[in-house]
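Peer 1: Quick one, fold the following:
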Amino acid sequence: MPVSYFLVLSALLFSIGVYGVLARQNAVLVLLSIELMLNAVNINLVAFSALLGQTGVPGQVFALFVIAVAAAEVGIGLAIVILIFRNRQSVDVEEMSLMKW
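Peer 2: Residues are numbered from 1 along each chain as shown. The predicted model follows:
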């Protein structure tokens, strides 16, 4: 299969993720959109790794690193969202003014 198919899929997923980050007001959906963007990056890394063959192994290593960072981001992000929900009774991004004076 040509690499361009994977690049188009990745661009589509990344665009959907950017739209989700910009348009959503629920913090959990924003976190899911960020995960979608990170998965689009992983598709690119693995596609270019497959294209380059034996010299593309660092692409797979970076993809594993991105997966580890995404897992940590989900754990920390959901913990923060749960704490905000306990204090504010809402996870609406527009209502989060904890850092304002």
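Peer 1: What is the longest helix of the protein by residue count?
Peer 2: As assigned by DSSP state H, the longest helix anywhere in the chain is helix 57-88.
Peer 1: Please spell out which residues along that helix are buried.
Peer 2: For helix 57-88, a neighbour-count test (16 or more other Cβ atoms under 10 Å) marks 59, 62, 63, 70, 77, 81, 84 as buried. C-beta coordinates here come from the backbone N, C-alpha and C atoms, glycine included.
Peer 1: mean confidence score for it?
Peer 2: For helix 57-88, mean pLDDT rounds to 87.
Peer 1: Quick one: distance of that helix to the chain centre.
Peer 2: How far helix 57-88 lies from its chain's middle: 8 Å, per Cα atoms, centre = their mean, to the nearest Å.
Peer 1: returning to what we had before: quick one: the buried residues of helix 57-88 as CSV, columns for distance to residue 12 too.
Peer 2: Formatted as CSV, these follow (distance: Cβ to Cβ, whole Å):
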residue, distance to residue 12
59, 20
62, 21
63, 18
70, 19
77, 24
81, 27
84, 31
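Peer 1: Check those and tell me the two furthest apart.
Peer 2: Greatest spatial distance in the buried residues of helix 57-88: 59 and 84, 36.2 Å, computed using Cβ to Cβ.
Peer 1: where does the closest residue to residue 73 other than its chain neighbours fall, phi/psi-wise?
Peer 2: Of all residues not flanking residue 73 in the chain, residue 34 sits nearest, at 7.0 Å (Cβ to Cβ, 6 or more residues apart in numbering). Main-chain dihedrals, residue 34, degrees, to the nearest 10: phi -70, psi -40.
Peer 1: Residue 34: what's it in contact with?
Peer 2: 17, 21, 73 (Cβ atoms under 8 Å, 6 or more residues apart in numbering).
Peer 1: I'd like to know how far it sits from residue 13.
Peer 2: With distances taken as Cβ to Cβ, to the nearest Å, residue 34 is found 12 Å from residue 13.
Peer 1: And residue 36, by the same measure?
Peer 2: 6 Å.
Peer 1: neighbours around residue 20, how many?
Peer 2: A total of 19 residues lie near residue 20 under the criterion other Cβ atoms under 10 Å.
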